[in-house]
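Engineer: Below is the structure, and that's it, no one-letter string:
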Ligand code: XLS
Ligand code: CA
Ligand code: CA
C-alpha cells in the first residue's frame, strides 16, 4: 500500500477553492507569455527531503514515519522509497527528481557494495521512469555526511579521501547519465574551513578545481551533455564555505577555466544566508550567462540558518520569476529542496507543502508576467541610464575616453546637476498596484 494511497491526483481548482488538496494557482496548461505554466515551471522533487528527512533536528528525533512500510537501512526500504516517490510525483504532476547517491540506497562499509546497490536500484528507477515519463533534473554525490569528509572532499588534507570523493562523483555521474539527467551538482558543503590556523586555502581550492576538471572530462567521455552546476552557500556546515555566493563561485570557475561547462544552481535560502536577496544571486548568475537551475525554498529572517522551508513568500517568488523570464528561462528547473516543519509530520502535510510551493511559484510567474506587460518598471530603469545614450555618456560607453578628457569636461562644468531621483518608493507603489490593483 502506498503512503499516498488516500491522496488522489491533485487538480487545479482555481483561487476560490478551499480544498487543501487542490492547486489554486498552478494550472499546468494555462498559457503565460506564449508558453504553458508547466513549461515555465519544470518542478522537481528532492529525494532527500521528500523521501528521507523525517524531522530529526539537533534536539529531537524523527516525528514523521518515512519507512514506507519497510525497515529503514535496507534495500527493501530503498525500493519502497522509489515506489512512494513515483506515486507522489505522479499525483502532483511533478516531472523531475533530484538525488544524491546515498539518498537512493543505504551506504555500505565497502564502496564496491554501495555501487552494486546503486546499480540495482537505478535499474528499478529507470523502469519507473520509462513507465511514468518522469525525468531526472540533476544528480549529485553526497560528499558531506560520511565522517571521511570531515575535512572536506575536494578540499581534504587526505589523498585517500580525495580518491573516495572522485569515486563517488564518478558513480553519481554514471547514474545521472543512466537517468538522462539534465545537470550534475557540486554543492561544497564541507569545502571550506573553520580556522586559517590549520588551512591552506589556495592548496584546497586548486584541488577542488582539479577534481571538477576530472569530473568534466569523465562526464563528457560517457556522453553527459548537460550542465555542471555549482550551488553556492556561504556557511553551514562549515564556518566559511568557498562557494560563498554566485559572484564568488563564478570567479572561481573563471580562474580555473571551468566556466564553459558550469552554471549556477541558486538556492533561495543560501542566497539569503549570504546576506543577499534571492533575486540578487539570480541576477548575478544570469548576467554572466550562468543561470542554470534553482533550488526553490525559503529561509526564515528570524533564524540564522538553512531552514529549507517550502516557498510561501510570493514577493520573493515574483522577483525570482522576473529574473528567470528576463533571462529567457532556465536550462534546469525548480527543485523543491525543502522540508515540512517538524510538527507537520503526516504524508498529507507533505503533499500540501508541495501544493503550496507550486502555487507560490505559479503566482510568482503570473505576477512577473503582469510586471513585464505593464512595462513601467522596465521603462524606468531604461530611462535612468539614458544619459549614457548620447554626448559624453555615449563616448564613455564606447570606451573612447581618457581620464584627462573626463577631468577637463568636469572642470568646464564646475559642478554637475544631481543625478535624478531613484524613485524607489514610487516603484514599490507601482509594483503593489500592479499586483493588487
Ligand atoms: C544543502 C544543500 C544540498 C544540495 C545538494 O544545504 O542545499 O541539499 O542542494 O547537495
Ligand atoms: Ca538549503
Ligand atoms: Ca540545495
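Structural biologist: Done, it's in. The structure presented is a predicted model; accordingly, all values stated were derived computationally and were not measured. Ligands and ions are numbered 1, 2, ... in the order given.
Engineer: so residue 108 touches residue 117, yeah?
Structural biologist: Yes. When contacts are counted by C-beta atoms under 8 Å, residue 108 is listed as touching residue 117 (6.7 Å). Placement of C-beta: from N, CA and C, glycine included.
Engineer: Which residue of the two possesses the greater neighbour count?
Structural biologist: residue 117 (19 against 12; other C-beta atoms under 10 Å).
Engineer: surely that one meets residue 111?
Structural biologist: No. Taking contacts as C-beta under 8 Å, residue 117 lies outside contact range of residue 111: 10.5 Å.
Engineer: Read off the pLDDT value for residue 290.
Structural biologist: If you check residue 290, the pLDDT there is 98.
Engineer: What residues does it make contact with?
Structural biologist: Going by C-beta atoms under 8 Å, 6 or more residues apart in numbering, residue 290 touches 246, 250, 253, 259, 262-264.
Engineer: Just read off the phi/psi values of residue 329.
Structural biologist: Main-chain torsions, residue 329, degrees, to the nearest 10: phi 100, psi 180.
Engineer: Name the nearest residue to it, sequence neighbours excluded.
Structural biologist: Leaving aside its chain neighbours, residue 329 sits nearest to residue 40 (7.1 Å; criterion: C-beta to C-beta, 6 or more residues apart in numbering).
Engineer: residues contacting the one you found?
Structural biologist: Residues near residue 40 by C-beta under 8 Å, 6+ apart: 32-33, 324-325, 329, 365.
Engineer: And for residue 186?
Structural biologist: With contact taken as C-beta under 8 Å, 6+ apart, residue 186 is in contact with 140, 212, 215, 228-231, 243.
Engineer: how much space between it and ligand 1?
Structural biologist: Separation of residue 186 from ligand 1 (C-beta to the nearest ligand atom, to the nearest Å): 8 Å.
Engineer: same check, this time on residue 216
Structural biologist: The gap separating residue 216 from ligand 1 is 18 Å, by C-beta to the nearest ligand atom.
Engineer: what's the average pLDDT for the helix or strand hosting that residue?
Structural biologist: Under the criterion of DSSP states H and E, residue 216 resides in helix 201-221. Averaged over helix 201-221, pLDDT sits at 98.
Engineer: Who does the residue of the stretch 1-150 of the chain found nearest ligand 1 form a beta bridge with?
Structural biologist: Nearest residue of the stretch 1-150 of the chain to ligand 1: residue 140, at 5.0 Å (C-beta to the nearest ligand atom). Here residue 140 sits in beta bridges with residue 100, residue 185, going by DSSP bridges.
Engineer: How many residues are close by it?
Structural biologist: Residues near residue 140, counting by other C-beta under 10 Å, number 26.
Engineer: for it, what are its contacts?
Structural biologist: 98-101, 172, 184-187.
Engineer: quick one: which of the residues you listed is nearest residue 275?
Structural biologist: Residue 275 has its nearest neighbour among these in residue 187, at 18.9 Å by C-beta to C-beta.
Engineer: Tell me which residues touch the closest one, please.
Structural biologist: Listed by C-beta under 8 Å, 6+ apart, the contact partners of residue 187 are 140, 230-231, 233, 243, 265.
Engineer: again, only this time at 6 Å
Structural biologist: residue 231 (C-beta atoms under 6 Å, 6 or more residues apart in numbering).
Engineer: Please work out the residue of the stretch 201-350 of the chain nearest to ligand 2 and name it.
Structural biologist: The nearest approach of the stretch 201-350 of the chain to ligand 2 comes at residue 306, 4.1 Å away (C-beta to the ion).
Engineer: Residue 271 - nearest residue in space that isn't next to it in sequence?
Structural biologist: Residue 271 sits nearest to residue 281 (C-beta to C-beta, 6+ apart), 4.0 Å away.
Engineer: Contacts for the helix or strand where that neighbour lies next, please.
Structural biologist: For residue 281, the host element (DSSP H and E) is helix 278-287. Helix 278-287 has contacts (C-beta under 6 Å, 6+ apart) with 245-247, 264, 266, 268, 271, 291, 316, 319-320, 323, 327.
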